[in-house]
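> Sequence plus the predicted model coming up.
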Amino acid sequence: MELKDAIITRRSYTKYLDKKVDLKLIADILNTAIYAPSSGNMQNWYIVLVDDDDKREKIANASLKQLWMLQAPIHIVICDKKQDMKRMYGKKADEFGLQNCAALAQNILLLATEAGLASCWVGSFDKEAVSRVIGASPNEEPQIIITLGYSNDNPKSTRHELDKVCCFNNCGARIKGFDLFPLEKYTTKMEKKMKKESKSLFERIKKLFRRSEN
Ligand SMILES: Cc1cc2nc3c(=O)[nH]c(=O)nc-3n(C[C@H](O)[C@H](O)[C@H](O)COP(=O)(O)O)c2cc1C
């Protein structure tokens, strides 16, 4: 599967089949996912795989009672090695720690998709309760849970158009129909300026050519 297809077809699944996932496949996914970037290459993640029924039930309950999570045979709890990060980054530790874990999580989701697995990123949970379930030390703070399994569901989700979530240089500088070409579609003052400039550059090049011909 191409990366682009994995990105576009990945969905959040809340319905899973009663089918286990081969641990070798999970190990393969994780061995690749850990190539995620991390601030200062801290790799501050600690990954806890949970397949125990009782623990998964407790995790689902600690996740605002999202009991659908129980259907997924594996819960991956991504913890942030908080104290290590604090030593390195002080006030920025929590922010960077979470960003690093998020990069890892997205890698896991995409690799799972490529492997034909269904997954869901779960962010709504009681950290202390989940910590107790997995026996986390004070250095390991659960940040993200990923449910993993097989599914025959077909969840749908949509995306905002690029021109509503992207701009050039200044927030709010809207670009209608973000297809870069044709330039006539640009609407903001800045884009008009850019157009003018590129026109004058074109004129200058034309002049240069004429000069070299003479
Ligand atoms: C930070 C974060 C937290 C999320 N928490 C939950 C959650 O607790 N429960 C859930 O069912 N989905 C959760 N999701 C999944 C989103 O609901 C889902 O990504 C979004 O609706 C878009 O759907 P899609 O992933 O299928 O494209 C979370 C996603 C992110 C990135």
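Perfect, thanks for sending it. Numbers count the residues shown, from 1 in each chain.

> Could you pick out the longest strand of the protein?
strand 140-149 (DSSP state E).

> how far does the following helix or strand past it sit from the chain's center?
The helix or strand immediately downstream of strand 140-149 is helix 162-165, counting by DSSP states H and E. Chain-centre distance of helix 162-165: 18 Å, with Cα atoms, centre = their mean, to the nearest Å.

> Next: stretch 110-117.
Worked out by Cα atoms, centre = their mean, stretch 110-117 lies 14 Å from the chain centre.

> Ok, stretch 120-139 next?
19 Å.

> As a check, name the ranges of all strands in this structure.
Going by DSSP E, the chain shows strands at 45-50, 74-81, 118-122, 140-149.

> between the third one and strand 140-149, how big is the angle?
Going back to what we said before, that points to strand 118-122. Counting by axes from the mean of the first three to the mean of the last three Cα atoms, to 10 degrees, strand 118-122 points 150 degrees away from the direction of strand 140-149.

> Tell me, what's the model's pLDDT at S212?
Turning to S212, the model gives it a pLDDT of 57.

> can you list the residues of this protein near the ligand?
Neighbours of the ligand within the chain, by Cβ under 6 Å from any ligand atom: R11, S12, T14, Q66, C120, W121, V122, G123, S124, P155, S157. Placement of C-beta: from N, CA and C, glycine included.

> Now do the helices in this structure.
For the chain, applying DSSP state H gives helices covering 3-9, 23-33, 53-62, 82-89, 93-114, 127-134, 162-165, 189-213.

> Give me whichever of these is most buried.
helix 93-114 (a mean of 20; mean count of other Cβ atoms under 10 Å).

> I'd like to know which elements that helix is packed against.
When contacts are defined as 3 or more Cβ pairs under 8 Å, 6 or more residues apart in numbering; DSSP states H and E, helix 93-114 sits against helix 3-9, helix 23-33, strand 45-50, strand 74-81, helix 82-89, strand 118-122, strand 140-149.

> Give me the residues contacting it.
1, 3, 6-7, 9-10, 29-30, 32-39, 42-45, 47, 76, 78-82, 85-86, 89, 118-119, 121, 141, 143-144, 146, 148 (Cβ atoms under 8 Å, 6 or more residues apart in numbering).
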